[in-house]
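**Q** Have a look at this fold, sequence not included:
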């Protein structure tokens with residue numbers, strides 16, 4: 001490998017057309033040595049260069065199955081970490097722009113989760129015997145490792161109900177982080193009363209809860225959310241139904257409980273794509289998930305006379321994932337052609353081992 005990577009600055013000035021041309025040329029030179037894993041929420045000008053695409057669960061599986069030397073993940077930081085954890089030791093996981101993070105993932109960190117666990121120990125005595133920690137895949141590797149160490153597991157929006165069933169089979173309570181909405185909706189679908197699912201505020205002592213509430217609760221929901229899906233409101237659905245009496249509403253479970261409750265269908269991005277694509281021609285859909293996915297889906301099904309509309313009247317997309325642009329992708333790939341690895345994502349060995357344990361539990365259950 002060369003010791004002086006190609007600097008990014010000249011790439012920043014590239015026109016999009018030239019960046020696309022250089023991406024295609026670099027991919028051709030690298031051949032099967034590189035694979036581009038691209039999340040459904042990725043911007044269109046990057047998505048077009050995908051080799052493999054999917055939601056978090058599908059991409060987790062693909063990261064563990066590919067044989068490419070370089071896994072370039074066009075998503076966000078935690079996704080590239082999962083690729084590093086599940087891929088072979090000799091494979092290299094790369095994130096084209098290190099600023100591509102996840103605001104939801106940032107709402108839970110290891111220090112706060114460990115403090116929560118200590119406080120649960122004070123109230124419950126033995127949380128390792130009573131509480132299964134469940135982290136949404138939208139979380140840092142050290143939180144996945146925490147779950148691995150404490151008999152817990154990872155979930156995605158695709159498999160959350162199955163993961164909760166497994167978790168309750170292990171212990172009587174669940175600590176679910178960082179997204180309260182996915183946890184609440186999944187628990188509700190299992191028949192857990194809302195009053196038995198309480199919100200744990202990590203910035204308050206004992207989550208802002210009394211010992212009695214903690215002992216009574218079946219699920220402790222971390223006070224976290226997705227900045228995209230929190231934009232959707234029940235009023236958006238009401239207005240849509242007035243304008244489209246025959247219209248159908250489908251939402252992602254990261255949306256607020258009231259939005260999910262007023263939707264006709266609720267599911268992951270893969271589920272949303274499947275349901276709308278397989279729907280009858282001429283149907284009308286209001287979709288509550290990220291704008292890039294909705295726009296791409298609308299274009300794909302319009303020839304069947306289907307109408308697909310984004311739920312919020314405000315433009316709302318995964319802004320951190322948007323940081324990965326054609327210029328960063330061209331820079332990443334041309335460095336690989338030149339023998340340089342830039343923006344490698346590496347999870348420390350012990351942490352990776354514990355995180356892999358919780359991820360493998362998830363893959364086995366789902």
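**A** Alright, I've got the coordinates. Keep in mind that this is a model prediction, so the values were computed, not measured.
**Q** In a helix, residue 329, correct?
**A** Yes: counting by DSSP: H, G, I helix; E, B strand; the rest coil, residue 329 is part of a helix.
**Q** Chain neighbours aside, what residue packs nearest to it?
**A** residue 96 (5.1 Å; C-beta to C-beta, 6 or more residues apart in numbering). C-beta here means a position set from N, CA and C on the backbone, and glycine is covered the same way.
**Q** Now for that neighbour, how many residues are close by?
**A** Residue 96 has 25 neighbours, counted by other C-beta atoms under 10 Å.
**Q** Enumerate every residue touching it.
**A** Taking C-beta atoms under 8 Å, 6 or more residues apart in numbering, we find residue 96 in contact with 72, 74, 324, 328, 329, 331, 332, 343.
**Q** right, and the last one touches residue 92 too?
**A** This points to residue 343. No: the pair residue 343 / residue 92 is not scored as a contact, 10.3 Å apart, by C-beta atoms under 8 Å.
**Q** Now do the helix or strand hosting residue 144: which elements does it pack against?
**A** Per DSSP states H and E: residue 144 is located in helix 141-149. When contacts are defined as 3 or more C-beta pairs under 8 Å, 6 or more residues apart in numbering; DSSP states H and E, helix 141-149 packs onto helix 77-86, helix 110-124, strand 131-136, strand 153-155, helix 349-365.
**Q** Flag every buried residue along the second one.
**A** In this case it means helix 110-124. 112, 113, 116, 117, 119, 120, 123, 124 (16 or more other C-beta atoms under 10 Å).
**Q** Stretch 36-45 now?
**A** For stretch 36-45, by 16+ other C-beta under 10 Å, it's 36, 37, 38, 39, 40, 41, 42, 43, 45.
**Q** if you look at the residues you listed, which of them are in strands?
**A** 36, 37, 38, 39 (DSSP state E).
**Q** Those: which two are farthest apart?
**A** 36 and 39 (10.8 Å; C-beta to C-beta).
**Q** Can you pull the residues that touch both of these two?
**A** Common contact partners of residue 36 and residue 39 (C-beta under 8 Å, 6+ apart): residue 74.
**Q** now the lowest-mean-pLDDT helix or strand in the chain: how far from the chain's centre is it?
**A** Lowest on mean pLDDT, DSSP states H and E among the helices and strands of the chain sits helix 56-65, with a mean of 78. How far helix 56-65 lies from its chain's middle: 12 Å, per C-alpha atoms, centre = their mean, to the nearest Å.
**Q** go on, stretch 140-157?
**A** The chain centre lies 14 Å from the centre of stretch 140-157; the measure is C-alpha atoms, centre = their mean.
**Q** Now do the strands in this protein.
**A** 34-39, 52-54, 70-74, 92-94, 131-136, 153-155, 173-177, 197-200, 219-222, 248-251, 265-266, 284-288, 307-310.
**Q** Show me which of those has the highest average neighbour count.
**A** strand 153-155 (a mean of 30; mean count of other C-beta atoms under 10 Å).
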